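Colleague: Coordinates for the following, if possible.
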Amino acid sequence: MMLFLELFWSFFRIGLFSFGGGYAMIPLIQSEITQHGWLTAAQFADILAIAEMTPGPIAVNSATYVGYKTAGIIGSLCATAGVTMPSLLLVLLVAGIFRKYQNHPLNTMIFYGIRPVVVGLIISAAVFIGKTAMINVTADQGFRQWLNTFSQKPLEAIVPIALVLFVISLLVQIKFKLHPLLLIFGAGAASLLLHLVF
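Modeller: Numbers count the residues shown, from 1 in each chain. As a prediction, the model looks like this:
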């Protein structure tokens, strides 16, 4: 029972204090998971990949998956209810007030302050996922130790296939603007093929 309450309360706080959508929530979700020891960093990166592939908001999908991995179906219901409830309550409370004062100068100033922070949170999430996916670093290894390994044996310090797939997918997305699902399935197929060959 206590675990279910912890899941609900943790994801309620994430939903309450996360501005800027699902990607901005990723650092908070990762912090909660690490703090409670529910999942490893690698498991969380896998969850993000699955949450990105499935329909729906990434924060809700992540909460559902974390809850399920931690405490089964009831855990997924608790985590999902926790992450969605603050938005529901805030929208119901604020919608009328916001419409009335949306062009107020104070409101505009507040949002000018929030937007850069949201960008910072999204970049932080991208760095975390990139580090988990493309760099071989153990939990007890610091950045200086990793740099030392990289300078001596670069192919042991990075995941070459992941780095190649990242660069290719980034260039393809910038040039052709493909649907993200095509990139995800293409990268999964390419990774499987490269692992089988090498």
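Colleague: most distant residue from the middle of this structure?
Modeller: Computed with Cα atoms, centre = their mean, the residue of the chain farthest from its C-alpha average is Lys100, at 33.6 Å.
Colleague: What is the helix or strand that one falls within packed up against?
Modeller: Per DSSP states H and E, Lys100 falls inside helix 58-101. Helix 58-101 makes packing contacts with helix 2-17, helix 22-36, helix 41-53 when contacts are defined by 3 or more Cβ pairs under 8 Å, 6 or more residues apart in numbering; DSSP states H and E. Glycine gets a C-beta too; all of them are placed from N, C-alpha and C.
Colleague: redo that, cut-off 10 Å
Modeller: In terms of contacts (3 or more Cβ pairs under 10 Å, 6 or more residues apart in numbering; DSSP states H and E), helix 58-101 is packed against helix 2-17, helix 22-36, helix 41-53, helix 105-134.
Colleague: With distance to Ile158, mean pLDDT and mean neighbour count as extra columns, can I get those helices in CSV?
Modeller: Output for these, formatted as CSV (distance: least, Cβ to Cβ, whole Å; pLDDT from 0 to 100; neighbours: other Cβ atoms under 10 Å):
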stretch, distance to Ile158, mean pLDDT, mean neighbour count
helix 2-17, 31, 90, 18
helix 22-36, 21, 80, 19
helix 41-53, 15, 78, 17
helix 105-134, 6, 81, 13
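Colleague: Take those and write them to TSV, including distance to Gln145.
Modeller: Shown next, in TSV, are these (distance: least, Cβ to Cβ, whole Å):
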stretch	distance to Gln145
helix 2-17	31
helix 22-36	20
helix 41-53	17
helix 105-134	14
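Colleague: what about the helix holding Lys100, distance to the chain center?
Modeller: 15 Å (Cα atoms, centre = their mean, to the nearest Å).
Colleague: now it against helix 2-17, angle please.
Modeller: Helix 58-101 and helix 2-17 are oriented at 40 degrees to each other (axes from the mean of the first three to the mean of the last three Cα atoms, to 10 degrees).
Colleague: mind giving me the domain split of the protein?
Modeller: The chain breaks down by automatic domain parsing into domains covering 1-112, 135-198.
Colleague: Could I get those in JSON lines, plus columns for distance to Val118?
Modeller: Output for the domains of the chain, formatted as JSON lines (distance: least, Cβ to Cβ, whole Å):
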{"stretch": "domain 1-112", "distance to Val118": "3"}
{"stretch": "domain 135-198", "distance to Val118": "20"}
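Colleague: which one of the ones you listed has the lowest average pLDDT?
Modeller: Per-stretch mean pLDDT for the domains of the chain is lowest at domain 135-198 (a mean of 79).
Colleague: ok so, going back, and the gap between the residue farthest from the centre of the chain and Leu106?
Modeller: Taking Cβ to Cβ, to the nearest Å as the measure, Lys100 falls 13 Å from Leu106.
Colleague: now Gly120
Modeller: In terms of Cβ to Cβ, Gly120 sits 23 Å off from Leu106.
Colleague: Who are the contact partners of Ile110?
Modeller: Shown in contact with Ile110 (Cβ atoms under 10 Å, 6 or more residues apart in numbering): His104.
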